[in-house]
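Student: With the input below, show me the fold.
(2 chains)
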Amino acid sequence: MNRQGLHACRNNIPTFSELENRYNRILQSCSSLSTLKQIHSALTTIGFIGQSPHLGAQIIAKYSKYEHTEIARSLFDEIRSEQNSFLWNTMLRGYTNGGHFNKTLELYLLMQRTGVRPNNYTFPFVLKSCASQSLSVQGKLVHGEIIRTGFDSDMYVEAALVDMYAKCGLIDDGRRVFDKMSKRDMVCWTVMITAYEQAERAKDALLLLQKMQQEGISIDSVAVVSVSSAVGQLGDSKMAESVHAYAICNALLLDDMCAKNAIIGMYAKCAEVEKARLVFDSMEERDWISWNSMLSAYTQNGLASEALLLFDQMQASGCKPNPVTALIMVSACAYLGSRENGRRIHNLIINSSIKLELALRNALMDMYAKCGELDTAIEMFNDRHPSERDASSWNVLISGYGTHGFGKEALEIFSQMTKEGVQPDHITFTSILSACSHSGLIHEGRQCFSDMAKFCVVPEAKHYACMVDLLGRAGLLYEAYDLIKQMPSQPNDGVWGALLLACTIHRNTKLGEIAANNLFQLDPEHPGYYVLMSNIYASSSKWHEVGKLRGDMKSRGLRKIAAFSVIEYGKEVHGFHTADQMNPYWRDVHRKVEELAIEMKMVGYVPDRSCVLHDVEDEDKEHSLNYHSEKLAVALGLVKIERGADIYITKNLRVCNDCHSAFKYISHIYGRKIIVRDANRFHHFQGGLCSCRDYW
DNA sequence: CTAGGGTTAG
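Tutor: Numbers count the residues shown, from 1 in each chain, chains lettered A, B, ... in the order given. The predicted structure is shown next:
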């Protein structure tokens, strides 16, 4: 035998650990489930598996990675023993990473029963499984076990404990563990900061961030995500800028989509849509969340039409909408009242593989209700199996009936809901109370408000706002004011705003001033309140006060929110500001508007000049009344939309008195149905009458 | 072999 042969012969009798290494290498290079199975069966055949727990662990880990935890488990059961804790840990890891948290906990119990000693690697998996399911009782038991076994000063275990307590809603228990830690790295700090952020305690989160920086711990991109969310909650745009700048300076945004997406969301919540867009545009790669964050940045800031434009770009770029995209876009259409786009997106959802989850179907119902197609919404509801009618779907129906002025029907739906055993929530009550308000059902509204306790729903500020609105509109201004004084919490802008609006309708200067002064303190930058209050002064000819308010607005640099009306003609969407000559049909619209003014006067219309007086800006001509945005929109509708089809208009503010009366005349003269959605509700004009019976 | 992250209606 020559030298080479001898060498080969020696290689043919490898030692056990050489073999183990060799098989290990083969396993590591294995890249598919089928090869893994082949290797597994080969190793079983030669009886190697039983002899090498380390190799077994590798295979268990691989199977788990391929989401075949059952095969992993049967191999585990074959080779497990009390001594090899790491085998148990491997199986725990497989379950936890695969999201099979119950299996993790079951295995942990088996571990205890079998007398296997857990170690520092064991607990993080178990704690994560408790955390993911908010199992605080189990989590606390595990904590006891950690103390008993003496792993309570392991940094990883402690971090997992903090996280577990936080995710179980016991954030202060988490903080206690955190404070006791002798050593904390970046991850530990981030866990605690994230905990506060998730609990919507943004201030605590940022305080901790400050402390972290004082201790010289650096921040990575994961921390940036949590910090961004916290800043977003505060809505502080200055702070948002500095977080963004910090992240750029420390190179934390390079190839980190998560962090960039979080920055987009942060700017969106700080009303800095343009900055959000800049970040979005700067990304070389975008995932679903990037697109969705930007889309919702637009919708959150009232720029739903921009969202529609971006949505088209998203599809053009080959990124298919996912269920979240669908939800955002459907609500954008609801916000706009855009029936054409709403239908288009509904069809798109049906034709794509997006699953029509309950939430999406609720959003679609809501969209149809808000686009004036209440019947479609009702149909969608009736088509549902009773078991699929969750509280949200009932809520959509109640608020749909309410905003269309069908208060009685809303009440019927509400009682049907409770009869069928569906628990009403805080939204049910805002919907039903505002439904009563729109229909002037004062007695019923009061009853619902006092019934809230029966359903264990605690009245919040928004419910008080509904009641103030209900009483105030009905002229019971002092009762409304008394209710505000009885509130257990501080009255917010919604509550005072409702009172101020009621005072405008009923021309009560004294209470109006009280409401307005509170509002000027709560939200001094909101132009609407100055406008309403000056309208009250104007209606009682207190021109000096009007001038003073106008001066206040000017010195604060506030401009009245511009009225804006939208009408859809086929696939075209036309938005009108006052006298918007940019419209392609402007000549037609202009001619029609002038025609209307004459036609209406001939049947008895008298321009309501008080609407002009109410304007803070100098619009004291009858002419300007004719060019209110909703009148331009209706003119376009009359010219372009075929006879027999209803005319739908959406307006961003409340319709003014003059337009309301004009639309009644127009519906009569032209024999057409005009449906206007204003900031508060629907008005169906038909045959010279409005569905709101002039109560709005 | 172990701990932390972003989008979602009414």
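Student: how's chain A carved up into domains?
Tutor: A:184-285, A:477-561, A:565-690 (automatic domain parsing).
Student: Nearest residue to residue A:399 in space, please, no chain neighbours.
Tutor: The spatial neighbour of residue A:399 that comes closest, neighbours along the chain excluded (Cβ to Cβ, 6 or more residues apart in numbering), is residue A:431 at 3.8 Å. Placement of C-beta: from N, CA and C, glycine included.
Student: Neighbours of the one you found, how many?
Tutor: Look at residue A:431: counted by other Cβ atoms under 10 Å, it has 26 neighbours.
Student: about what we covered before: which one of the domains of chain A lies nearest to residue A:75?
Tutor: Proximity to residue A:75 (Cβ to Cβ) singles out domain A:184-285 among the domains of chain A, at 32.1 Å.
Student: contacting residues around the closest residue to residue A:695 other than its chain neighbours?
Tutor: Closest residue to residue A:695 apart from its sequence neighbours, by Cβ to Cβ, 6+ apart: residue A:440 at 5.2 Å. Residue A:440 is in contact with A:407, A:473, A:474, A:695, counting by Cβ atoms under 8 Å, 6 or more residues apart in numbering.
Student: Quick check: residue A:691 touching residue A:681?
Tutor: No: the criterion here is Cβ atoms under 8 Å, and residue A:691 misses it with residue A:681 at 9.2 Å.
Student: Could you say which helix or strand holds the residue of the stretch 251-400 of chain A found nearest DNA strand B?
Tutor: Nearest residue of the stretch 251-400 of chain A to DNA strand B, counting by Cβ to the nearest atom of the strand: residue A:392, 2.6 Å away. Using DSSP states H and E, residue A:392 sits in helix A:391-403.
Student: Alpha carbons only: can I get that helix in PDB?
Tutor: Output of helix A:391-403 as PDB, limited to C-alpha atoms (Å, rounded to 0.1, in the frame of the first residue of the first chain):
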ATOM      1  CA  ALA A 391     -70.000  46.100  17.800                       C
ATOM      2  CA  SER A 392     -68.100  48.100  15.200                       C
ATOM      3  CA  SER A 393     -70.500  47.100  12.400                       C
ATOM      4  CA  TRP A 394     -73.500  48.100  14.500                       C
ATOM      5  CA  ASN A 395     -71.800  51.400  15.300                       C
ATOM      6  CA  VAL A 396     -71.300  52.200  11.600                       C
ATOM      7  CA  LEU A 397     -75.000  51.600  11.000                       C
ATOM      8  CA  ILE A 398     -76.000  53.800  14.000                       C
ATOM      9  CA  SER A 399     -73.800  56.700  13.000                       C
ATOM     10  CA  GLY A 400     -74.800  56.200   9.400                       C
ATOM     11  CA  TYR A 401     -78.500  56.600  10.200                       C
ATOM     12  CA  GLY A 402     -77.700  59.400  12.600                       C
ATOM     13  CA  THR A 403     -75.700  61.500  10.100                       C
END
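Student: Could you give me the buried positions within that helix?
Tutor: Neighbour counts using 16 or more other Cβ atoms under 10 Å place A:392, A:393, A:394, A:395, A:396, A:397, A:398, A:399, A:400, A:401, A:402, A:403 of helix A:391-403 among the buried residues.
Student: list the buried ones in the very next helix or strand once past that helix?
Tutor: Tracing the chain past helix A:391-403, the next element assigned as helix or strand by DSSP H and E is helix A:407-419. By neighbour count on 16+ other Cβ under 10 Å, the buried set for helix A:407-419 is A:407, A:409, A:410, A:411, A:413, A:414, A:417.
Student: Just the closest of the residues you listed to residue A:365, please.
Tutor: Closest approach between the buried residues of helix A:407-419 and residue A:365, by Cβ to Cβ: residue A:413, at 12.6 Å.
Student: circling back to that earlier point, list the contacts for the closest residue to the residue of the stretch 251-400 of chain A closest to DNA strand B other than its chain neighbours?
Tutor: Of all residues not flanking residue A:392 in the chain, residue A:362 sits nearest, at 4.7 Å (Cβ to Cβ, 6+ apart). By Cβ under 8 Å, 6+ apart, the contact set of residue A:362 is A:390, A:392, A:393, A:396.
Student: Would you check that residue A:159 makes contact with residue A:187?
Tutor: Yes: here residue A:159 reaches residue A:187: they are 5.9 Å apart, a contact under Cβ under 8 Å.
Student: which other helices and strands contact the longest helix along chain A?
Tutor: Across chain A, the longest stretch assigned as helix under DSSP state H is helix A:586-602. Applying 3 or more Cβ pairs under 8 Å, 6 or more residues apart in numbering; DSSP states H and E, one finds that helix A:586-602 contacts helix A:622-626, helix A:629-640, helix A:657-670.
Student: what do you get if the cut-off is 7 Å, keeping everything else the same?
Tutor: helix A:629-640, helix A:657-670 (3 or more Cβ pairs under 7 Å, 6 or more residues apart in numbering; DSSP states H and E).
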